[in-house]
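Participant: Structure, please.
(one chain, ligands or ions: 1)
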Amino acid sequence: MSRPFQLYHLQQLDSQLDGIHVRIREIESALADDSEINLSREKAAQVNADLQQAHLNLRNAEFETQQQRIKIEQTESTLYGGKVHKPKELKDLENEAAALKRQMSVLEDRQLECMLVEEEAAKCQSNSTIELDKALANHRRRLEILNQDKDKQEKDLNRLEDERRVVAGAIQAEDISVYEQLRLKRRGLAVAKVTDRACAACGSTLNAVLLNAARSPNQLNMCDHCGRILYLG
Ligand SMILES: [Zn+2]
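Facilitator: Numbers count the residues shown, from 1 in each chain. Predicted structure coming up:
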């Protein structure tokens, strides 16, 4: 097996491994990111809080109208009870009853408004529960898909690492060292295929001497331009 081909094979495995590492990092970051579902939860919590507040406002409004009704009843009972005879006192009681009724009208309007707000809040809460359930189901499904993908990537990783150990074990140490240094310097790509007499990595055209040399199975030749090991497929 030619030296350039061995390194080319190693390069193919390493490129695949690099891709898998990137994908696993992406998956892990996506798995850790629960901002979207937290937003749905926060929204639902806010809608629940709004409904609780609307309940409370309505109960308060109901209590106030009830209290006002009692006051009116008490005033009218005194007014028509026959125990008060003085015209001035009767007039005062009449005025008081009228004032209480005017206030009552305001309180009833407020109660009605609170009822409408509560109805609307209850509708929102019902919709929000449905939306949150959907969001949670989607979230669970998304995690499931990501975890399945991660399992697959990890299996591929183990398989390729085993294969790489075998391939690398058959290459001489000196070539591995050249290859590893180039990988570091050339963003992971140490070996370039020659396509149409040019380096496929940088596009530079090879001169006839280099092209001929690159045909040798027993020596490593580098691209004049980018310095990568050339492999003539
Ligand atoms: Zn090149």
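
Participant: for the protein, longest strand please?
Facilitator: Ranked by residue count and defined by DSSP state E, the top strand of the chain is strand 191-195.

Participant: what helix or strand does the residue nearest to the spatial centre of the chain sit in?
Facilitator: For the chain, the residue nearest the mean C-alpha position is residue 36 (4.0 Å; Cα atoms, centre = their mean). Remark: residue 36 resides in helix 35-80, with elements defined by DSSP states H and E.

Participant: Using neighbour counts, pick out the buried residues of the longest strand of the chain.
Facilitator: Residues 191-194 are the ones in strand 191-195 that count as buried (16 or more other Cβ atoms under 10 Å). Any C-beta I mention is one placed from the backbone N, CA and C, and that applies to glycine too.

Participant: Show me where this protein has its strands.
Facilitator: For the chain, the strands defined by DSSP E occupy 191-195, 198-199, 229-231.

Participant: what does the protein have sitting close to the ion?
Facilitator: Contacts of the chain with the ion, taken as Cβ under 5 Å from the ion, map to 199, 201-202, 204, 223, 225-226.

Participant: mind redoing it with 6 Å?
Facilitator: Applying Cβ under 6 Å from the ion, one finds that the chain approaches the ion through 192, 199, 201-202, 204, 223, 225-226, 228.

Participant: Pick the one among these closest to residue 140.
Facilitator: Among the residues of the chain next to the ion, residue 201 lies closest to residue 140 (Cβ to Cβ), at 43.5 Å.

Participant: Check the burial of the closest one by counting its neighbours.
Facilitator: 22 (other Cβ atoms under 10 Å).

Participant: From the contact counts, what lies against the longest helix along the chain?
Facilitator: Secondary structure assigned by DSSP state H gives helix 87-169 as the longest helix of the chain. In terms of contacts (3 or more Cβ pairs under 8 Å, 6 or more residues apart in numbering; DSSP states H and E), helix 87-169 is packed against helix 3-32, helix 35-80.

Participant: Off-centre distance for it?
Facilitator: Chain-centre distance of helix 87-169: 18 Å, with Cα atoms, centre = their mean, to the nearest Å.

Participant: what angle sits between it and helix 3-32?
Facilitator: Counting by axes from the mean of the first three to the mean of the last three Cα atoms, to 10 degrees, helix 87-169 lies at 160 degrees to helix 3-32.

Participant: Please name every helix or strand in contact with the longest strand of the chain.
Facilitator: Judged by 3+ Cβ pairs under 8 Å, 6+ apart, strand 191-195 is in contact with helix 3-32, strand 229-231.

Participant: I'd like to know which of those is closest to residue 166.
Facilitator: Shortest distance between residue 166 and those, using Cβ to Cβ, is found for helix 3-32: 9.8 Å.
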